[in-house]
Each structure stands twice: as structure tokens, then as C-alpha cells.
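Colleague: output the structure for:
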Amino acid sequence: MSIRSILASLPIALAACGGVAPSPEKDQGAPPASPPAPTPTPTPTPTPAPVTADPVSRISFAPDQVTATRAPAHAECQEKNAAFTDDDEFTLAATKNPPDNATVQSVFILFRRTVSVGTPVHLLLGPPSERHPIGDDALQAHAPDARTGPDVSVIHPGWSKGTPPSNSLADATVTLLQLASTDGQPIKARVELRFHDDSVLDATFSAPLESYAGPCGGQ
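Modeller: Numbers count the residues shown, from 1 in each chain. Purely as a prediction, here's the structure:
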């Protein structure tokens, strides 16, 4: 019997003996895909804290003298208690002596009785055209309408010595909170003044009204 015949008869013989004939190797196909590598969790980037502007520098101004005065426009010489008129000039002045800061020693608020009450008035920078200016031009502001709005002047600590101011007004708002219709009644006003170095004076002043006597000899 040839070797070929023996090999051909092996499966039949194995089956008869209860064996299992070897089968040709099956194509197992491509190996199973490896599971995807886990995506690395990104390290959270800390959220930067919001940038906060430097807090506004508040000017400390605690006046030791506050006065409210009226210059009657139509009073006779030395006349006291002249009738109130729309032409009268009122002044609310606050002063600290000696000064307690490098920017403000005095604040003057000038107005007529026709001024708006309770309404903040945003002022124009510069000295007034209808009133005698007080102090340096750079520290003055005036209302667009002198009949309904006030003027404000700031006196800096070196003014009396002729020293120029180291600061200047950048914005000014004045609110007349209370007017007086007779001497002894209070006048009250709030100023909100911002200077070019970003410092701010936000203060409220009040004082009882006192009228001057009428001028004499063209004073």
C-alpha cells in the first residue's frame, strides 16, 4: 500500500475508532481590535479671578466750620433782614483749618433761590461767567444755567500762599437738598467731586442761614 493510500484512509480509520480527524486550520480573521485608550482627563485650568479696578480713593474731608449766607441783592445800606428775592446770592461754605488732606481745604457752593432742589446737577468745568470766581480755575465748575443750577469752587491747601494746585477737577455734581426761606433755617447740599487723580469727595454739608446786611457805598 502506498503512503498516499495510507494517508487517505486515516480519517476513516480515526472516525471508526471514535477519534477526531484533524481539520484544516480555519481562518480566524483579523484579531479583535484593542479597546481605545482612555482619553486623558484634561487638567482644569483655574479660572482667573476677575480683575477689580483699584478702589476709588475717597478724600477724607471733615470740615470744622460750615456756614450758609445770603447776600441780598436789593437791600439798603446796612439793612438787615431784607426781603428775599430771586437775585439774592446764597453761599454754603465748608472749611477745614488746618487742612486734613492734600486736595481740599474748603468747598464753596453758590446759587440763587431759583435753584433746582432735590435734583443732581452735573456741572461744566471752569469758572462761572456770571459770578465772581473763587480760587483756581482748575478747581471750579458751574451750572449750564445759573438760574437753576449751582456753582462750586474748591480751595486747595496751598491757595492762600499762591501755590498752584497739584490736582484739578475732572467731574462735578451738586445736589441742593434743602433751601431756607428765612434766616435760621438750614441749607443743605451734597457735592460729588472727582479729581484727575481719580480721588473723590462725596460729602453733604448743612448750616443755618444767616443774611448779610445791605452793602453801602457801592460795595
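Colleague: switch to C-alpha atoms for all contacts and neighbour counts from now on
Modeller: Fine.
Colleague: listing partners with orientation, what would you give for the lengthiest strand in the chain?
Modeller: For the chain, the longest strand by residue count, based on DSSP state E, is strand 199-211. Here strand 199-211 has these sheet partners by DSSP bridges: strand 57-58 (parallel), strand 65-71 (parallel), strand 186-195 (antiparallel).
Colleague: and the ones you listed as JSON lines, adding mean neighbour count?
Modeller: As requested, these are arranged in JSON lines below (neighbours: other CA atoms under 10 Å):
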{"stretch": "strand 57-58", "mean neighbour count": "12"}
{"stretch": "strand 65-71", "mean neighbour count": "19"}
{"stretch": "strand 186-195", "mean neighbour count": "20"}
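Colleague: in TSV: those strands, plus mean pLDDT.
Modeller: Compiled in TSV, the strands paired with strand 199-211 are given as follows (pLDDT from 0 to 100):
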stretch	mean pLDDT
strand 57-58	93
strand 65-71	97
strand 186-195	98
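Colleague: can you list those strands in JSON lines and add distance to Pro164?
Modeller: What follows is the strands paired with strand 199-211, written out as JSON lines (distance: least, CA to CA, whole Å):
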{"stretch": "strand 57-58", "distance to Pro164": "22"}
{"stretch": "strand 65-71", "distance to Pro164": "24"}
{"stretch": "strand 186-195", "distance to Pro164": "15"}
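Colleague: and the helices in the chain?
Modeller: Counting by DSSP state H, the chain has these helices, from start to end: 3-16.
Colleague: pLDDT below threshold where in it?
Modeller: Applying pLDDT under 70 to the chain flags residues 1-56, 133, 218-219.
Colleague: if we go to 50?
Modeller: 1-4, 6-8, 10-26, 45-54 (pLDDT under 50).
Colleague: same question for the longest strand of the chain: list its buried residues.
Modeller: 199-202, 205-211 (16 or more other CA atoms under 10 Å).
Colleague: now stretch 115-125
Modeller: 115-117, 120-125.
Colleague: for stretch 77-92, same thing?
Modeller: Buried-residue list, stretch 77-92, by 16+ other CA under 10 Å: 82, 84, 88-92.
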